[in-house]
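S.K.: next one to model:
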Amino acid sequence: MRILIVTQYYYPEQFQINEIVPELVKRGHEVTVLCGVPNYPKGVVFPGYETAESLELREREYLEKTGVKVVHVEQVPRGKNPVQLVRNYVSFVRNSKKLVADSLKLRVESEAGKSQSSKLYTINCDYDLVLGYQLSPITSMYAALEYKKLTGVPVVYYTLDVWPVSAEGMLKSKRNPLMWPINKMSRELYQGADRVLVTSRPFMDYLHRVNGIAFDRMAYLPQHADTGMLGMDMSAENNGVADFMFAGNIGKGQRADVIIKAAKVLGKRKDYRIHMLGDGRMREELEQMVRAEGLEENVIFYGNQKREDMPKFYKMADVLLVTLRGNNEVGDTIPGKMQMYMTTGKTIFGAINGGAQEVIRESRCGSCVPAGDYEGLAKLMQLYIEHPHDYDQCGENAREYFKAHFTLEHYMNGLEAELQKVVDSKR
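M.R.: Numbering: from 1, shown residues only. A predicted model of the protein is given here:
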């Protein structure tokens, strides 16, 4: 297939699309990526991408290395304030749509002998379909629909963030006056896609109910994760202490406060520890909670760690903890850490709803309670402290489930089949 991928974020920004695209090329497909100038997450353009000349050099180097054509469009960097972020979103929409329209115009003029090809011509082969890698904001998909409008080529979304509910979190309320146009825009953008692939099954219910997407136009395709730890011996030392671990962003959406409240229920004891890896907006507040309860010996914060150092931290753990906000459909997702957790071969406890809860139960890799239920989580932790051998099979179950559902090969097989299905249906 000849595939145009539209995504606001791409290499060297760190998203899983960076692994997916080169794999499509290895499987024999011709792929062009239309993306913004990299500046995520710090809001500053990455070194080596600042000028048009440096962008062309990076694009040429990446093409030679991976076989992937990348075309960057200018965008206002994200910066560090809401106004700058909105300018970032708007500038990507404007410039990516313009690039699509200008490219098609140049092709027509070139075929008529009225102009010479230019750099814009590089996104102008006859694509079989457009794949929109749909993170937030949903506005990044306008360029995908622009190409469809001008050519009739079908569009598939791979949806990682569902809208408009994701916007509610940003605007703090469903009643914000801005939600009306966002609701309308989200519905129109989703309706424009020929097929929508989702990372969590509950997303389909939401998209059907809110955006009117028919169920037969959607499919479940969970994210993949790195397999590096699958073959490692990650057995924790038998130290007489139950070691629980949380790894990832410590923000409000992750509800890591539920873990600290569970520790408060368990109290100051010598038979358990909780290791908190990562950073985020709630870390300082949670550390203050720990100090206020005198739990410093039970709850230990480590901050961010290098990716290559993570196996040694995971090896310390007996049980991995996953929590997420459960007050809207965003909390129904399967967080990316879930798949990574499963590769370690550890028991997993969750205070979480939706797709992640389904995975824990289907795989029999641990236990879970509803999102926000810190007392229930404390009871699970107490059960493990008292009867750790009741969970001996959970780690192996996790790894087997991962191999059946979450490898890159499994993901690519599913994605390839879905894309081919759409292309065949339009012939």
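S.K.: contacting residues for the residue lying closest to Arg281 once chain neighbours are set aside?
M.R.: Using Cβ to Cβ, 6 or more residues apart in numbering and skipping residues adjacent in sequence, the residue nearest Arg281 is Gly251, 5.2 Å away. Placement of C-beta: from N, CA and C, glycine included. Shown in contact with Gly251 (Cβ atoms under 8 Å, 6 or more residues apart in numbering): 280-282.
S.K.: what's the answer for Met340, then?
M.R.: Counted by Cβ under 8 Å, 6+ apart, Met340 has contacts 225-226, 229, 247.
S.K.: pull up the pairing partners for the helix or strand hosting His275, direction included.
M.R.: Taking DSSP states H and E as the criterion, His275 maps to strand 272-277. Strand 272-277 sits in its sheet next to strand 242-247 (parallel), strand 299-303 (parallel), going by DSSP bridges.
S.K.: next helix or strand past the last one?
M.R.: Note on strand 299-303: by DSSP H and E, the next helix or strand toward the C-terminus is helix 310-316.
S.K.: how about that following helix: buried residues?
M.R.: Buried residues in helix 310-316, defined by neighbour count with 16 or more other Cβ atoms under 10 Å: 310, 314-315.
S.K.: quick check, central residue of the protein?
M.R.: Leu160 (5.5 Å; Cα atoms, centre = their mean).
S.K.: any stretches of this structure with poor pLDDT?
M.R.: Within the chain, the stretches with pLDDT under 70 are 108-122, 125, 169-174, 326-332.
S.K.: just how off-centre is the longest helix anywhere in it within its chain?
M.R.: Looking across the chain with DSSP state H, the single longest helix is helix 82-111. From the chain centre to the centre of helix 82-111 is a distance of 24 Å (Cα atoms, centre = their mean, to the nearest Å).
S.K.: between the strands paired with strand 272-277, which gets nearest to Thr199?
M.R.: strand 242-247 (19.4 Å; Cβ to Cβ).
S.K.: what are the contacting residues of the closest one?
M.R.: So strand 242-247 is in contact with 236, 256, 259, 271-278, 310, 313-314, 316-323, 337, 340-341, 349, 381, 384-385, 388, going by Cβ under 8 Å, 6+ apart.
S.K.: which stretches of the stretch 251-400 of the chain form helices?
M.R.: 257-266, 283-293, 310-316, 336-343, 354-363, 374-386, 394-405 (DSSP state H, counting those that start in this stretch).
S.K.: tell me which of the ones you listed sits most buried.
M.R.: Among these, the stretch with the highest mean neighbour count (mean count of other Cβ atoms under 10 Å) is helix 336-343, at a mean of 24.
S.K.: alpha carbons of that helix, as CSV, please.
M.R.: The C-alpha trace of helix 336-343 is given here as CSV (Å, rounded to 0.1, in the frame of the first residue of the first chain):
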residue,chain,number,x,y,z
GLY,A,336,0.7,2.5,28.0
LYS,A,337,2.4,1.3,31.2
MET,A,338,0.0,-1.6,31.4
GLN,A,339,1.6,-3.4,28.5
MET,A,340,5.1,-2.6,29.8
TYR,A,341,4.2,-3.9,33.2
MET,A,342,3.1,-7.2,31.7
THR,A,343,6.5,-7.8,30.1
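S.K.: contacting residues for Arg2?
M.R.: Per Cβ under 8 Å, 6+ apart, neighbours of Arg2: 29-30, 125-128.
S.K.: that should have said Tyr127, apologies.
M.R.: Here Tyr127 is in contact with 2-4, 32, 147, 151, 153 (criterion: Cβ under 8 Å, 6+ apart).
S.K.: just checking, which of those residues belong to helices?
M.R.: Those of these lying in helices (DSSP H): 147, 151.
S.K.: can you tell me which of the contacts of Tyr127 are in strands?
M.R.: 2-4, 32 (DSSP state E).
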